[in-house]
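Asks: My questions are about this predicted structure, shown below with the sequence.
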Amino acid sequence: MAKWISHPEDNRETRLVPVFRRGFKVKKGLVSAALRLSAHGIYEAEINGVSVTENRFLPGLTSYYFRIQVQEYDVTALLQEGDNELRVTVGDGWWRWNNNFGYTLALWSELRLLYADGSEEAIATDESFEVTTGAVRRTDLQKGEVYDARIAPSDWQKAALCTEHTGGKLIENESVPVREKERFFGKPFHDSAGNLVIDFGQNIAGYVHMTLRGTTRGQTVHLKYGEGLDKDGKFSTANCDGGRTEFQEITYICKGADVEEYTPHFAVFGFRYALVEGIEDADFEAIAVYSDMEEVGDFKCSNPLINKLVENARWSQKGNFLDVPVDCPTRERNAWTGDAMIYCRTAAYFMDVQQFFKKWLVDQTIEQYASGKVGITFPSTSSVHNPEELKAVQAVNPAMALAGPSGEGNIGEDSVGWGDSAVWIPYQMYLMYGDVEFIKEHYDTAKKWVEFSLRCMKEQNPLYADKPWYKNGDGDYIYDTRFHYGEWNEPLPPAPEVIELFAKGGTAADFVAHMAKYGKPEVATAYTKRSCDNLAEMAKILGKTEDAEHYAALSAKIKAAYDKYLIGGDGEIQKGHQAAYIRALALDMVSEEKKPLVIAQLKRELEAADYRLNTGFLSTVYLLPTLCDNGLANEAFRILEQTEAPGWLHPIALGATTMLENWNGMDVFRDSFNHYSFGAVCQFLFEYVAGIRPTVGFKEFELRPIIGGSLSWAEGSYRGIKSRWEKTDSGVIYTCTVPQGTTARLSLPNGEKRILTGGEYTFEL
Ligand code: BGC
């Protein structure tokens, strides 16, 4: 049986990048050879100098303390009779990035040889392997790599057995392969400070392959990767490095040759530009690297800026879906639940994400705390491995301290809109793919999260003691306690009390404590109601009638309380914030009596903002659909086509090639330029403008296009479904394709309704 092995001198300080090797003999009559590999870190394996796989970043990211993947390769063709050698290099990967999981890299491998006479041999990692270091001197997913091409591995020594966190269960691979995909040749130019900078024309996640000519031995070439040029036209990473000094860099020490080529091995960066030092005569090619999923959908229309928006969203998906869905490929690189929840349905229109989310959600379920809380990011990368470290973290930041792998999570993990991913994503995946396994697998997790939120809802917040919901005995149905991120990143000035807090010298920790003290009744109540609704639907699907009735009844009570206490008699919810009105309408929080008032308030808000949006993370995805659903389609198209900030098309006019984290990000050169969440507007383009919507999976679906704005035509496609409208002199021509074996329920803007089976159709309106 294979054992985990390490370099005996690899530890927190030395941070070695080990190269393991094992020589072995193959007898006559080999029928097949299977190599199984896993690592604490990420591995690159070769047999007799030939790479075993082209897939990247293996064994992938899972909750390593609980489960760690093994990949299996048929290596029969790489072996020869007689002497052979297996060589594996292990880089830091997610394991040692920020010391997330541990400090020492390790390898686990098993090679099984099967001979024609029926005999078998196994070569498994143990102390018979040798280890040393090679040309990769240092590597870190985010800081980058130091590569000394002069060094060939030598001074081999015996590998040591690894003892650090080896309890994770080895599981078969569930990851979609991560591969090198599109390539972009770079154009060199000099920035305003005279630096040699390469522009690849597209913001991506990946790395640069470089071809260097006429190098001398020991010459050092340095690359720094960034997303943009600052306001003065100078290369800078200030928008996305989060203040890190070591960030997205490659140092390559040449061996000296006519031509040398190099591609980073264990690092991946978010970038469009690379600043180059130490070489003039060279070619640079950027390679996009991401989970290789089939592209299944597209949207186009007569407005080129909207088409670019669709491209940018697709690129932000590619840039952030590397085995897990991260917020950005630069600063944080964490698999934030809220972001994925907002975007998962859009993601499914672009690519086949079924397996991608299936694998990722398992880690959420595995890591759920006993209380029902789920991580704000998972697999949880706590960097806390023992009680001493925990104390140290808490000493620096008591509010945000992580409680470590066996604890009860940090205060951010109470947050609605993030934790609700435990309910929303499995349910949405079910709706998109008709795959009931998503619900079966995660129903208990979803229920535990909802129960956690309902318990928190019952807690009393002394700050609101004189509020009518307490006085009337309805306190159990308004969620006014705990920390919640809330709408997050609204393009509006902070609340006066927050301005005051910072003016008095308050720190980020004080801000978090302040948020926890005040709660976010409007947001938390609404999301908990939405999760009750989703859970009731999920229960129905599983035949859990009692649960279905129970959560539907709770939802009705929460809605009634919200309507009564959080919506004013004049329909006002939160002046100045479109998000509050959108949320209330989208999540069905408003009684029929108050609905016209709320819609009127929303209309006023849009007018006051001159048809610029002011929603943040949570509500932007709902903004345009909710306007259309409530008789404000003209307003929806006006906001969609708005080219001034804040709006989707503003960054495009400034040259953005991905979605930004901040609506004003490019004006002020701040925050990540590759945050996919606002790209969820593409769900609206597919489902409303092209009108393609699932029933349960797409065996049955709806076609319900909306014709609007300045658009003269629009078309959407998804897995063989096509929906297209075009204005003509006399009206509109609508065409659609319904794949064989499926049924579409068509509703056209002129009121015509039809049931369509496989075929192509044309309607004149
Ligand atoms: C991340 C987001 C995340 C948020 C939580 C940010 O720093 O980049 O994408 O959802 O924090 O509020």
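Replies: Okay, I see it.
Asks: longest single strand anywhere in this structure?
Replies: Taking DSSP state E as the criterion, the chain has its longest strand at strand 196-213.
Asks: Parallel or antiparallel, which strands does that one pair with?
Replies: Paired with strand 196-213 in the same sheet, following DSSP bridges, are strand 187-190 (antiparallel), strand 259-262 (antiparallel), strand 269-277 (antiparallel), strand 282-291 (antiparallel).
Asks: Quick check: residue 422 touching residue 442?
Replies: Yes: counting by C-beta atoms under 8 Å, residue 422 does reach residue 442; the two are 6.9 Å apart. Every residue, glycine included, has its C-beta placed from N, CA and C.
Asks: who's more crowded, these two?
Replies: Each of residue 422 and residue 442 has its neighbours counted (other C-beta atoms under 10 Å); residue 422 has more, 30 against 25.
Asks: Identify the residues contacting that one.
Replies: 337, 364-365, 368, 374, 442, 445-446, 448-449 (C-beta atoms under 8 Å, 6 or more residues apart in numbering).
Asks: Skipping its backbone neighbours, what lies nearest whichever residue of the stretch 101-250 of the chain sits closest to the ligand in space?
Replies: Nearest to the ligand, among the residues of the stretch 101-250 of the chain, is residue 242, at 8.8 Å (C-beta to the nearest ligand atom). Nearest non-adjacent residue to residue 242, counting by C-beta to C-beta, 6 or more residues apart in numbering: residue 331, 4.1 Å away.
Asks: since we're on that neighbour, how many residues are nearby?
Replies: By other C-beta under 10 Å, the residues close to residue 331 number 22.
Asks: what ranges do the strands span in the stretch 301-450 of the chain?
Replies: 321-322, 324-325 (DSSP state E, counting those that start in this stretch).
Asks: average model confidence for the first one?
Replies: To tie it back to what came earlier, the one meant is strand 321-322. Mean pLDDT, strand 321-322: 98.
Asks: ok, the most centrally placed residue in the chain to residue 674 distance?
Replies: The residue lying closest to the centre of the chain (C-alpha atoms, centre = their mean) is residue 325, at 2.4 Å. Noted for residue 325: a distance of 13 Å to residue 674, by C-beta to C-beta, to the nearest Å.
Asks: What of residue 709?
Replies: Distance, residue 709 to residue 674, by C-beta to C-beta: 27 Å.
Asks: more neighbours, the two?
Replies: residue 674 (30 against 20).
Asks: Could you look up the SS state of the more buried one?
Replies: coil (DSSP: H, G, I helix; E, B strand; the rest coil).
Asks: just residue 742 next, same as before
Replies: Once three-state DSSP is applied, residue 742 turns out strand.
Asks: Make sure residue 170 is indeed in a strand.
Replies: Yes: membership of residue 170 in a strand is supported by three-state DSSP.
Asks: residue contacts, it?
Replies: 38, 67-70, 108.
Asks: Go again with 6 Å.
Replies: By C-beta atoms under 6 Å, 6 or more residues apart in numbering, residue 170 lies in contact with residue 70.
Asks: Could I get the pLDDT score of it?
Replies: 98.
Asks: Packing partners of the strand or helix carrying residue 599?
Replies: For residue 599, the host element (DSSP states H and E) is helix 595-608. Applying 3 or more C-beta pairs under 6 Å, 6 or more residues apart in numbering; DSSP states H and E, one finds that helix 595-608 contacts helix 578-586.
Asks: how far is the helix it packs on from where the chain is centred?
Replies: 24 Å (C-alpha atoms, centre = their mean, to the nearest Å).
Asks: Please list the residues outside it that contact it.
Replies: 487, 522, 526, 573-574, 590, 598, 601-602, 605, 614-615, 619, 622-623, 626, 630.
Asks: could you redo the last one with a cut-off of 8 Å?
Replies: 487, 490, 522-523, 526, 562, 566-567, 573-574, 589-590, 595, 598-599, 601-602, 605-606, 609, 613-616, 618-619, 622-623, 625-627, 629-630.
Asks: For the residue in the chain positioned nearest to the ligand, which non-adjacent residue is closest in space?
Replies: Residue nearest to the ligand within the chain (C-beta to the nearest ligand atom): residue 327, separated by 3.4 Å. The shortest distance from residue 327 to any non-neighbouring residue, by C-beta to C-beta, 6+ apart, is to residue 336 (4.6 Å).
Asks: Keeping just the C-alphas, turn stretch 382-391 into PDB.
Replies: Provided in PDB are the C-alpha atoms of stretch 382-391 (Å, rounded to 0.1, in the frame of the first residue of the first chain):
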ATOM      1  CA  SER A 382      -8.100  28.500   7.100                       C
ATOM      2  CA  SER A 383      -4.300  28.500   7.400                       C
ATOM      3  CA  VAL A 384      -5.000  27.500  11.100                       C
ATOM      4  CA  HIS A 385      -3.600  24.100  12.000                       C
ATOM      5  CA  ASN A 386      -3.300  24.100  15.700                       C
ATOM      6  CA  PRO A 387      -4.500  25.900  18.800                       C
ATOM      7  CA  GLU A 388      -1.400  28.200  19.100                       C
ATOM      8  CA  GLU A 389      -2.000  29.500  15.600                       C
ATOM      9  CA  LEU A 390      -5.700  30.000  16.300                       C
ATOM     10  CA  LYS A 391      -4.800  32.200  19.300                       C
END
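Asks: returning to what we had before: if we take the contacts of residue 422, which one ends up nearest to residue 218?
Replies: Set against residue 218, the nearest of those by C-beta to C-beta is residue 337 (47.4 Å).
Asks: how's this protein carved up into domains?
Replies: With domains defined by automatic domain parsing, the chain comprises 5-135+153-175, 179-291, 700-764.
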